[in-house]
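Engineer: quick check, what structure comes out for this input:
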Amino acid sequence: MLLKCFGSGSSGNSYALMNENEILILDAGIKYKQILQGIDYRISSVKGVLITHEHT
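Structural biologist: Residues are numbered from 1 along each chain as shown. Presented below is the predicted three-dimensional model:
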């Protein structure tokens, strides 16, 4: 399993746990296009999204 970081800090947070067949997105605090690019556009492999916190 691989942990990829797409963004961390004041500009937004987003990570993904990935293996060959499945992806779990952890937080989605960056632009959708950046997340898609980070997961190599493998949308059908996304099994869930875990949101750990929110911002006002």
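Engineer: rest of the way, CA atoms for contacts and neighbours
Structural biologist: OK.
Engineer: may I have stretch 36-51 exported as PDB, CA atoms only?
Structural biologist: Output of stretch 36-51 as PDB, limited to C-alpha atoms (Å, rounded to 0.1, in the frame of the first residue of the first chain):
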ATOM      1  CA  LEU A  36      -7.800  13.300 -10.200                       C
ATOM      2  CA  GLN A  37      -4.300  13.800 -11.400                       C
ATOM      3  CA  GLY A  38      -2.800  12.400  -8.200                       C
ATOM      4  CA  ILE A  39      -4.800   9.200  -8.500                       C
ATOM      5  CA  ASP A  40      -3.900   8.900 -12.200                       C
ATOM      6  CA  TYR A  41      -7.600   9.400 -13.100                       C
ATOM      7  CA  ARG A  42      -8.500   6.000 -11.700                       C
ATOM      8  CA  ILE A  43     -11.900   7.100 -10.400                       C
ATOM      9  CA  SER A  44     -13.400   3.600 -10.600                       C
ATOM     10  CA  SER A  45     -10.800   2.400  -8.100                       C
ATOM     11  CA  VAL A  46     -11.900   4.900  -5.400                       C
ATOM     12  CA  LYS A  47     -13.600   2.900  -2.700                       C
ATOM     13  CA  GLY A  48     -14.200   5.800  -0.300                       C
ATOM     14  CA  VAL A  49     -13.300   9.300   0.900                       C
ATOM     15  CA  LEU A  50     -12.600  10.000   4.600                       C
ATOM     16  CA  ILE A  51     -13.000  13.600   5.700                       C
END
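Engineer: what comes up buried for it?
Structural biologist: By neighbour count on 16 or more other CA atoms under 10 Å, the buried set for stretch 36-51 is 38-39, 46.
Engineer: pLDDT of it, averaged?
Structural biologist: Averaging pLDDT along stretch 36-51 gives 95.
Engineer: now the helices for the chain?
Structural biologist: 32-38 (DSSP state H).
Engineer: what is the nearest of the buried residues of stretch 36-51 to residue 10?
Structural biologist: Residue 10 has its nearest neighbour among those in residue 38, at 18.6 Å by CA to CA.
Engineer: cheers, nothing more for now.
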